[in-house]
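Peer 1: The amino acid sequence is not available; the structure is as follows:
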């Protein structure tokens, strides 16, 4: 898997490439509410997540989502388990995303190291 990061306005574009396929998203700070959130947009879908440090890991939790900018019920939205951590100077991740009816959409796990 390759991940390419680039600055995109007030956020970052993440392009994930694996086995000849790729998908991308834009991450940026979400509109402020009771807690700071990170917004990740995949085309017409935006998912706002809280970030919590547990031990030495960073955990993402879906708080709200929208479709074409329209807030949608959480019960219909994506389910995600996402954990990041540092491991021997590299970026370790474990991400799983699914939908209530469709089930698992994507799962990827591993360790990223910078290209020379």
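Peer 2: Cool, got the structure. Predicted, not measured: the structure shown is a model, and the values here were computed from it.

Peer 1: Now do the same for the residue nearest the centre of the chain: its pLDDT.
Peer 2: The residue lying closest to the centre of the chain (C-alpha atoms, centre = their mean) is residue 40, at 5.9 Å. Per-residue pLDDT puts residue 40 at 94.

Peer 1: Bridged to it, which residues?
Peer 2: Beta-bridge partners recorded for residue 40 (DSSP bridges): residue 27, residue 47.

Peer 1: Isn't it up against residue 51?
Peer 2: No - contact criterion C-beta atoms under 8 Å: residue 40 and residue 51 do not qualify, at 11.4 Å. To be clear about C-beta, it is placed using only N, CA and C from the backbone, and glycine gets the same treatment.

Peer 1: show me the contacts for the residue nearest to the centre of the chain.
Peer 2: Neighbour list for residue 40: 25-27, 46-47, 49 [criterion: C-beta atoms under 8 Å, 6 or more residues apart in numbering].

Peer 1: And stretch 16-31, end to end?
Peer 2: One end of stretch 16-31 to the other measures 25 Å (C-alpha to C-alpha, to the nearest Å).

Peer 1: Reformat the contacts of residue 40 as a markdown table; add distance to residue 56 and neighbour count.
Peer 2: A markdown table is the format used below for the contacts of residue 40 (distance: C-beta to C-beta, whole Å; neighbours: other C-beta atoms under 10 Å):
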| residue | distance to residue 56 | neighbour count |
| --- | --- | --- |
| 25 | 25 | 19 |
| 26 | 27 | 17 |
| 27 | 21 | 17 |
| 46 | 29 | 21 |
| 47 | 25 | 23 |
| 49 | 19 | 21 |
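
Peer 1: now these in TSV, with distance to residue 115?
Peer 2: As requested, the contacts of residue 40 are exported to TSV (distance: C-beta to C-beta, whole Å):
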residue	distance to residue 115
25	20
26	22
27	20
46	29
47	28
49	27
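
Peer 1: and which of these is nearest residue 76?
Peer 2: residue 47 (12.3 Å; C-beta to C-beta).
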